[in-house]
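Colleague: generate coordinates for the sequence data below:
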Amino acid sequence: MARDRADGEGRVAGRFLLNRRDRVYLLGLLVPLVVYDLFLKGLRIVSRHEDPGLLGGLGLLRSDLFFDMGYALLWVALFAVAQRGPLRWIVAVLLHLTTVLVALVATGAHRYFETTGSTLDAETVAHALSSWKGSGAVVASAVTPLLAVGVAVVLAYAVLGPWLLTRLLARWRGWPNAGAQGARVSWLGAAGAGLAAYALFSFSTLPGGPPGFSKPFARAAFVNVAASTPAALDAPDTGPKVALSSDEKAPTAKARLLATRPERRNVVLIHLESTRAESVTPYNENLKTTPFLDDLAKRSIFAERAYVVVPHTSNALTATVCGIYPPLDPEGTDSLADRIPGRCLPKLLGDQGYRSVYFTSSVQTFERRPELVKNMGYGEFYPVETMDTKGFRQANYFGYEDDVMLKPSEEWLRSHSDQPFFATYETITPHHDYRTPQRYGIEDFAKDDTLDRYQNSVRYVDFFLKNLFDQYKRLGLYDDTIFVIYGDHGEGFGEHGLYQHDNTVYEEGLRIPLLVVDPKRFPEGGRVREPVSQLDVLPTITDLLGYEVEDAKYPGSSMLSMPTDRTLNFSCWSEETCLASLKDSEKYVYHYGNQPDEVFDLGKDPGEQKNLAEGLSKSELDDRRAALFEWRARVAATYGESDSSAR
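Modeller: This is a model prediction of the structure:
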C-alpha cells in the first residue's frame, strides 16, 4: 500500500481521506444537522395517533438515516478532493449553503406538518414562493417567537459554528496552522465515498414504516420535496387520454338564460369561510354556535348533506358562482384570474338587467382576488382595503371581522335598490389562525384551545348573519331577496391526522352547511336529503328566478328536483395527494398509492373510522379509481392542462 505524505500533524492523513481539521470541521456541522433532523422527524412520529412501535418507528426513520449518511459522505468526498486553493473555498461555501437549505427544509416541513397534518412537497413550496403576496402572511403566522429564535440559532451555528469549533480545538490541542501541507488526494477513497453517498441517497427515496403511514411521511423531508419536483414526477402516463372539442373545453361559454316564469328578485350569496357542517347548530344540535343560522334552517331549503368539490376558497367560488368544476390543483387555481371557461352568475344575470357586487372582509392580495372577481363578471368589488377598519379587529392574517362589511353594504344597497342585484359577501373570520373577535363575547365549546377559538369564530359569523339579515329587513329588501348561505370548505382538527382544509378529504373537510332562504316562495322551507354539491347552487338560483339555461349544460342540478342516483367527485387541492367519490352513502378515497385506498359507509360510520376497502374486489376498486382519473383528466383538459396526475 502506497504511503501518503504526512499532513503536518505527525500522522498519515490519507488513511482517513481527511486531516484532523477537516474531520472536526465537517463533524461540527453535520452531526448537529443529523441530530436536528432526526429529532424533528421523531417529534412528527410520536405526534401521530397511530403507534408504529419500536421497529415501525425505526422504519419511519430509515429514509432520514440514509439521507443523512449519504449527505455526510458526499461532503467527505468533496473535501477530500478539494484540499486547498479556490476550489476549497467554493466547496466550503457550498457546504454551508446546502446545509442551511437542508435545515430550513427540515424546519419548514416540520412546521407545515404541525399546522396542516400534511407533508411538505415541491408544489407547495413553489406555490408559496410564486404567490408570496398572498402566502407570505400564511407562512408568517406559522412562525412563533420560539421558532424564530430557534431558526436564528441554527443558522448562526451553521455559518460560524464549525469554524469556531475547529479553531478552538486546534488551539487547545496545538495543531499546526490551517496552511500546513495537506495530504495527497486519495482519488480512489474519494470516489468510493462518492459512490457510497449516491447509494445511500438512492436508498433514502425508498420509504419504510408500518401500514397507516404514507410514503411522503416516511421519507426524509428534503428527499420528499426533491422527489416531488416536476422532473421527479415525469413518469409514463397511464391515465386516460382525453381530447375535448372546443365546446367541451368551455362547456358553458355560450350559456344564456331563457325566461319561462321570471321573477325579478334580488339574489345574495353568503360565503361562510372555513365553515364545516359539524360546527354549526343546524347540523349538530348539541353545539350551540349558530342559533340564528339554526332558525334560518327551519325556514329554508336545507341541504342535509352538502359537499365541496375542492376544499379551497377560490375553487369553491368557481364551483358555486360559475356552476362548473373548478381547477383541481394550485396551478389551475392561479389561472382563474386569467380565464374561466364558462359564464358565471354575474354575467348570466347581468344579461337580465341585474347589477352585481362582491364584498369581502379579506385582503385582496390572496390568489389575485380582484382579477378573479372581474373574470366572474361582477360589476363592483369591495375588499377590506376599501373599508374603514377603525374599531374592528383583525380576525386572522387574511382580514378583519366580518361586521366591517355592514356599512359599505348598506351604502351600496341604498344607492342601488332601483333594479335587481346579485350580491356576494365573502366572510373571513373562521379562517386559520382563528383570532376570534370578542365583539359578541366568548363561550366554551371545546377543551382544545384551537378548536375552541375556531368554533367561537364560527359563532361570531352567526352574529354577522343576523346583522346582515336585519339590514335587508330594515331597508325593505328582505322579502324580495333569495339568500344562499354556504360553506366554502370545512376544516380539520386532527380527526384523521389532518388540520385546516386544503388536503382534508374526509367529512370534516368536505361537508359544509348549505341552505337557501326564500321568504316569498318557501316560508316554511324544506329538506333535501340527497347529497348536494356547490355545483348545484347556480341551477337552483336560475330555477328559483324562473329561468332555463340555453346553449349550455351545467354539471349541477336544481335543489328543487335533485337526482337520486349520481356520484359526486372530490379532489384535494395539492396535486397527486387524493381523490374521492361519493355515491349515496358510500365514499371512496384514493391516495395515489401513498397509503391504501379507503372505503367508508357514511350511513353507519359518519366519522370514517372503519375502512371497508378490503371487502371489495380489486376490480371494483380499479373501476372507481379509473372513474376518478377520467373525471380529473376531463377537468384538467377544460382548463387547458395536461393531467399529469392520472398515472
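
Colleague: endpoints of stretch 488-506, how far apart?
Modeller: 15 Å (CA to CA, to the nearest Å).

Colleague: swap that for stretch 200-215, sorry
Modeller: Using CA to CA, one end of stretch 200-215 lies 18 Å from the other.

Colleague: off-centre distance for it?
Modeller: 23 Å (CA atoms, centre = their mean, to the nearest Å).

Colleague: what are the buried residues along that stretch?
Modeller: Residues of stretch 200-215 classed as buried under the neighbour-count rule (16 or more other CB atoms under 10 Å) are 200-201, 203-205, 207-209, 213-215. Where you see a C-beta, it was placed from the backbone N, CA and C, and this is true even at glycine.

Colleague: what do you get for stretch 546-558?
Modeller: Result for stretch 546-558 [16+ other CB under 10 Å]: buried residues 547, 549, 552, 554-558.

Colleague: again, but for stretch 82-98
Modeller: 82-83, 88, 92, 95-96.

Colleague: between the buried residues of stretch 546-558, which is nearest Arg264?
Modeller: Tyr547 (10.9 Å; CB to CB).

Colleague: so what sits opposite the closest one in the bridge?
Modeller: Ala259 (DSSP bridges).

Colleague: and it, how far from Leu538?
Modeller: Tyr547 sits 11 Å away from Leu538 when distances are taken as CB to CB, to the nearest Å.

Colleague: would CSV of the buried residues of stretch 82-98 with distance to Pro346 and pLDDT be doable?
Modeller: CSV is the format used below for these (distance: CB to CB, whole Å; pLDDT from 0 to 100):
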residue, distance to Pro346, pLDDT
Ala82, 63, 78
Gln83, 69, 75
Arg88, 64, 79
Ala92, 59, 85
Leu95, 56, 87
His96, 54, 87
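
Colleague: and the gap between Pro86 and Ala92?
Modeller: From Pro86 over to Ala92 (counting by CB to CB), the distance is 11 Å.

Colleague: what of Pro262?
Modeller: From Pro262 to Ala92 the distance is 76 Å (CB to CB).

Colleague: just Arg299 next, same as before
Modeller: Counting by CB to CB, the gap from Arg299 to Ala92 is 73 Å.

Colleague: follow-up on the earlier one: quick check: the farthest pair among the buried residues of stretch 82-98?
Modeller: The most widely separated members of the buried residues of stretch 82-98, counting by CB to CB, are Gln83 and His96 (17.6 Å).

Colleague: low-confidence stretches in this structure?
Modeller: By pLDDT under 70, the low-scoring segments of the chain are 1-16, 130-143, 176-186, 230-249, 641-647.

Colleague: how is it carved up into domains?
Modeller: Following automatic domain parsing, one gets these domains for the chain: 13-227, 246-638.

Colleague: pick the most buried one from the ones you listed.
Modeller: domain 246-638 (a mean of 19; mean count of other CB atoms under 10 Å).

Colleague: centre of the chain to that one, how far?
Modeller: The answer for domain 246-638 is 16 Å, by CA atoms, centre = their mean.

Colleague: what about Leu74, is that helix, strand or coil?
Modeller: helix (DSSP: H, G, I helix; E, B strand; the rest coil).

Colleague: dump the residue contacts of it.
Modeller: Counting by CB atoms under 8 Å, 6 or more residues apart in numbering, Leu74 touches 193-194, 197, 201.

Colleague: and with 7 Å instead?
Modeller: Residues in contact with Leu74 (CB atoms under 7 Å, 6 or more residues apart in numbering) are 194, 197.

Colleague: what does the one 3 residues further on give?
Modeller: Ala77 makes contacts with 190, 193-194, 197, as judged by CB under 7 Å, 6+ apart.

Colleague: center of the chain - which residue?
Modeller: In the chain, the residue lying closest to the centroid (CA atoms, centre = their mean) is Asp502, at 3.1 Å.

Colleague: tell me how far it lies from Leu54.
Modeller: 33 Å.

Colleague: before we move on, what about Arg264?
Modeller: Separation of Arg264 from Leu54 (CB to CB) stands at 70 Å.

Colleague: next one: Gln534
Modeller: 46 Å.

Colleague: same question, His431
Modeller: 40 Å.

Colleague: Ile541 contacts Asn266, doesn't it?
Modeller: No. Applying CB atoms under 7 Å, one finds Ile541 not in contact with Asn266, separated by 11.1 Å.

Colleague: hmm, back to that, between which two of the contacts of Ala77 is the distance greatest?
Modeller: Using CB to CB, the contacts of Ala77 reach their maximum pairwise distance at Ala190 and Ala197, which is 10.6 Å.

Colleague: is His127 within a helix or a strand, and which one?
Modeller: His127 belongs to helix 122-130 when assigned by DSSP states H and E.

Colleague: how far does that helix sit from the chain's center?
Modeller: Distance of helix 122-130 from the chain centroid (CA atoms, centre = their mean) equals 11 Å.

Colleague: report the secondary structure state of the residue nearest to Phe570 when sequence neighbours are not counted.
Modeller: Of all residues not flanking Phe570 in the chain, Ala580 sits nearest, at 4.4 Å (CB to CB, 6 or more residues apart in numbering). State at Ala580, reduced to three classes by three-state DSSP: strand.

Colleague: can you pull the contacts of Leu514?
Modeller: For Leu514, the contacting residues are 303, 306, 486, 532, by CB under 7 Å, 6+ apart.

Colleague: which parts of the stretch 401-550 of the chain are helices?
Modeller: Taking DSSP state H, counting those that start in this stretch as the test, the helices found in the stretch 401-550 of the chain are 406-415, 449-474, 507-510, 537-545.

Colleague: could the ones you listed go into a markdown table alongside distance to Tyr325?
Modeller: Formatted as a markdown table, the helices of the stretch 401-550 of the chain follow (distance: least, CB to CB, whole Å):
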| stretch | distance to Tyr325 |
| --- | --- |
| helix 406-415 | 30 |
| helix 449-474 | 27 |
| helix 507-510 | 15 |
| helix 537-545 | 12 |
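
Colleague: looking at the ones you listed, which is closest to Phe493?
Modeller: Once those are compared by CB to CB, helix 449-474 is nearest, at 4.9 Å.

Colleague: who does the closest one touch, helix- and strand-wise?
Modeller: In terms of contacts (3 or more CB pairs under 7 Å, 6 or more residues apart in numbering; DSSP states H and E), helix 449-474 is packed against helix 291-297, helix 406-415.
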